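>>> I need the structure of the sequence given here:
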Amino acid sequence: MKNYRTLIHAVMQRSGISLDQSLSSIALVIRAVVWQLSSEEAAILKLSLAPELGQLVVEARRGVAAESRPYVHADAGRNGLEIIESVGAALDLPELEAQARICSVLDELRAEVSLWEDVKVLEIIDGMRAVVSQALPRAAVA
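Got it, this is the predicted structure:
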């Protein structure tokens, strides 16, 4: 479970968002991870995070129960756009720059995670990247 926590912190840090700056951006990143975990994995992740972040895991898990659909298939465009808008607002970036930054961060993390050989974390990163890269169809994020 340390890898999921590490992934969340790495996305936050490398995207340039902090807990003081944008709780909503962090909540969206956590939701993107939690929606791809089982309830048991999410419960363990909650315990490994600071209390305020653990509460975001609980809230994301409630959303999973209400949606009862996999994250990547659940309103993917809306979720990706929310992440882009939130990170863009937190960092004062236009949407296309925020999207490019997030995709770049996820690409870097994917390269590093492939060294861990953690297939589940790779799937989560790929799911997050797919949602973000497809959110703005006019962008040329490959």
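
>>> going forward, measure contacts and count neighbours with C-alpha atoms only.
Noted.

>>> what residues are up against Ala42?
By Cα atoms under 8 Å, 6 or more residues apart in numbering, the contact set of Ala42 is Val34, Val57, Arg61.

>>> what residue, apart from its backbone neighbours, is nearest the second one spatially?
With sequence-adjacent residues excluded and distances taken as Cα to Cα, 6 or more residues apart in numbering, Val57 is closest to Lys46, at 5.8 Å.

>>> residues in contact with that neighbour?
Neighbouring residues of Lys46 by Cα under 8 Å, 6+ apart: Leu53, Gly54, Gln55, Val57, Val58.

>>> scan the residues you listed and report the most crowded one.
Among those, the one with the most neighbours (other Cα atoms under 10 Å) is Val57, at 25 neighbours.

>>> what about it, which helix or strand?
Following DSSP states H and E, one finds Val57 within helix 51-67.

>>> for the contacts of Lys46, name the two members farthest from one another.
Farthest apart among these by Cα to Cα are Leu53 and Val58. That separation is 8.9 Å.
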